[in-house]
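**Student:** Predicted model and sequence follow; I will ask about them next.
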Amino acid sequence: MSDLEARLAAIVRADDGLMHVLTVVRAQDLPDWRIFSGAVYQAVWNALTGHPAGYGRKDFDLGYFDPDTSWDAEDVVIKRVAAAFDEPFASTVEVRNQARVPIWFPAHFGEPYDPIACTDEALERFVAPAFAVGIRLEPDDTISIAAPLGLEDMFGLVLRPNPNRGVAKDWGRVVEKLTTRWPELTVRGGEAT
């Protein structure tokens, strides 16, 4: 485990809400699951900037991978996960089958999205390296980390477009929203307005 991975694991363990979500989701035994995006990078940014755990977090993105890409199969998982939580978690854990993303992503975001083979491959397509981090609480209580674009941007408070894809169409809105909450962020590249 690298130093940044160890720091991330310590930050996650200190965030009671995030640990609760990880523990409950682990018990659901979903295939190839990860908590990713805002629930992870915001926990780190809060720790680095002195904000309390949970500051700025609107939800917990939960991805899993099931080759059954039917809406009905995903809906069963969404309802099962929601039923495992009390509020406010029942309505803030956002569940998505990553195998289904190519079906709805182009219409929703106006960008192509080729099929993927696992949840971790989805991380490579996130709009910023700081967002492309996924975590899972393993059966032995270790926290496994997937970060195909590295952890440096997240820990460096750097917000820049993913160099492996075009700048997201809503990049300016994303930057504005996040720099309002975390003015310590440094924005590099892309359109900031």
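**Tutor:** Received it, and whenever you're ready, just let me know what you need.

**Student:** State the next helix or strand along the chain beyond the lowest-mean-pLDDT helix or strand in the chain.
**Tutor:** Ranked by mean pLDDT, DSSP states H and E, the weakest helix or strand in the chain is helix 101-109, scoring a mean of 91. The element immediately downstream of helix 101-109 (helix or strand, assigned by DSSP states H and E) is helix 119-123.

**Student:** chain center to that following helix, what's the gap?
**Tutor:** Relative to its chain's centre, helix 119-123 lies at 10 Å (Cα atoms, centre = their mean, to the nearest Å).

**Student:** Would you mind listing where the protein has pLDDT under the threshold?
**Tutor:** Along the chain, the parts satisfying pLDDT under 70 run over 1, 191-193.

**Student:** Find the nearest non-adjacent residue to R181, please.
**Tutor:** G56 (4.6 Å; Cβ to Cβ, 6 or more residues apart in numbering). C-beta here means a position set from N, CA and C on the backbone, and glycine is covered the same way.

**Student:** ok, now V40?
**Tutor:** Nearest to V40 is V133, by Cβ to Cβ, 6+ apart, at 4.8 Å.

**Student:** where along the chain do the helices fall?
**Tutor:** Along the chain, the stretches classed as helices by DSSP state H are 3-14, 16-28, 38-49, 71-83, 101-109, 119-123, 152-155, 171-181.

**Student:** now the least confident helix or strand of the chain against helix 71-83, angle please.
**Tutor:** Using axes from the mean of the first three to the mean of the last three Cα atoms, to 10 degrees, the inter-axis angle of helix 101-109 relative to helix 71-83 is 80 degrees.

**Student:** what does helix 101-109 contact?
**Tutor:** 69, 111-116, 122, 168-169 (Cβ atoms under 8 Å, 6 or more residues apart in numbering).
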